[in-house]
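> generate a structure from the sequence data that follows.
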Amino acid sequence: MFREASPKSHKRIPWFWLIFIVSTILTSTCGLNINSSLSRYYVARGDSVSLKCEFTLAPEDLCQLEIEWFLNSADIREEDKSLIWYVNDRIHNRHDGFHFSSPDPQDGDASLTLKDVKLTDTGTYQCKVKKAPGTKSKIMQVMVMEKISKPECGINGDVKMGNKLRVNCSVLQGDHPIQFHWEKITGDRLFPENRTHFDSIQGDLYIKDLQATDSGTYRCTAANSVSEEYCDLILLPASSSAVTINIIVITIVVIITAITITTVMISGYCRRKFRIETFQLLPYKWMIGKRRGQHSAEDDSMNVVLKSWIQLESGEDPENPVCVHSDGHE
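Here you go, the predicted structure:
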């Protein structure tokens, strides 16, 4: 009839599988889950950032909620650093500069805000949410970088039609990797594919066989993961004849300026010399005679010369002298 099963045919479920099944059922009953998907953050030094850690709970969950943030140590021999902890409806802030983004994390937002970040804040952060018997955690990478400075645009080469030109774009400050991009923002905005090439790593723009259609304003944009800056450059290719005419005009202007300056200097020198020579013509004895009250016909001549010299010295025109009467009025 029926055959009795032997003891060897009866299979028992191993105890560790039993624990796993029960734990899974209890965890799913609690319904704990972290919904945030972003796991990598790039932040500029001095800025603020919010590391997202949003979670959901099932209505029937009655276990105590605990939230804790860690900064994972790069050395496996060292313990992770606890930054902030939420338990029993209280927040325990263990390090300055780290705060929960929400004033009440139990509402489902356990995000962490970092303010005025420093380069040393770069690292691996872990958000751990526990509602026994379930526990969920999320790992996030934070990279703090230096913003790039405003780039400088420059031209290497002679800006003549038909020439080959290199337009460079350089950044003095900022963390790499830095990407460069050139664009023409005025006129014909298309780059001739067979005559232009740009290096997105070094920031150089090469233009060969320069044409009149290449005239316009060019913009170089430099960017890294946390910042973006740009500089503009105006390019005006000139023909050989135009360059020659410009050189001739500049030369003429320089010559005329030099002649004018020389004439003014010579005129001033002659005027000073005339004053000195005029004064030296006054005989010493005439001056002595004047002091003694003597007067002669020679004095009248000397008076004319002396008067002219005085007028020149005061800036008056000897041909149109200013007459001063004895009462002091002109």
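> rest of the way, CA atoms for contacts and neighbours
Fine.
> distance of Thr257 from Trp69?
Distance, Thr257 to Trp69, by C-alpha to C-alpha, to the nearest Å: 75 Å.
> more neighbours, those two?
In this comparison of Thr257 against Trp69, neighbours counted by other C-alpha atoms under 10 Å, the higher total goes to Trp69 at 25 against 12.
> now name the helix or strand holding the more buried one.
Taking DSSP states H and E as the definition, Trp69 sits inside strand 65-72.
> with Val167 instead?
Secondary-structure element containing Val167, defined by DSSP H and E: strand 165-170.
> so what secondary structure elements neighbour the next helix-or-strand element following that strand?
As assigned by DSSP H and E, the chain's next helix or strand after strand 165-170 is strand 179-184. Using 3 or more C-alpha pairs under 8 Å, 6 or more residues apart in numbering; DSSP states H and E as the contact criterion, the elements in contact with strand 179-184 are strand 216-223.
> with just CA atoms, put the strand it packs on into PDB.
Below are the C-alpha coordinates for strand 216-223, written out as PDB (Å, rounded to 0.1, in the frame of the first residue of the first chain):
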ATOM      1  CA  GLY A 216      34.000  89.000 -36.200                       C
ATOM      2  CA  THR A 217      33.800  88.400 -32.400                       C
ATOM      3  CA  TYR A 218      35.000  85.100 -31.100                       C
ATOM      4  CA  ARG A 219      34.100  83.700 -27.700                       C
ATOM      5  CA  CYS A 220      36.000  81.100 -25.700                       C
ATOM      6  CA  THR A 221      34.100  79.300 -22.900                       C
ATOM      7  CA  ALA A 222      36.100  77.400 -20.300                       C
ATOM      8  CA  ALA A 223      34.300  75.100 -17.900                       C
END
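> tell me which residues of that strand are tucked away?
216-223 (16 or more other C-alpha atoms under 10 Å).
> show me what contacts Asp158?
The contact partners of Asp158, taken as C-alpha atoms under 8 Å, 6 or more residues apart in numbering, are Leu165.
> would you check how far apart Thr124 and Ile84 are?
Using C-alpha to C-alpha, one gets 15 Å for the distance from Thr124 to Ile84.
> equivalent analysis for Val249, please.
Counting by C-alpha to C-alpha, the gap from Val249 to Ile84 is 74 Å.
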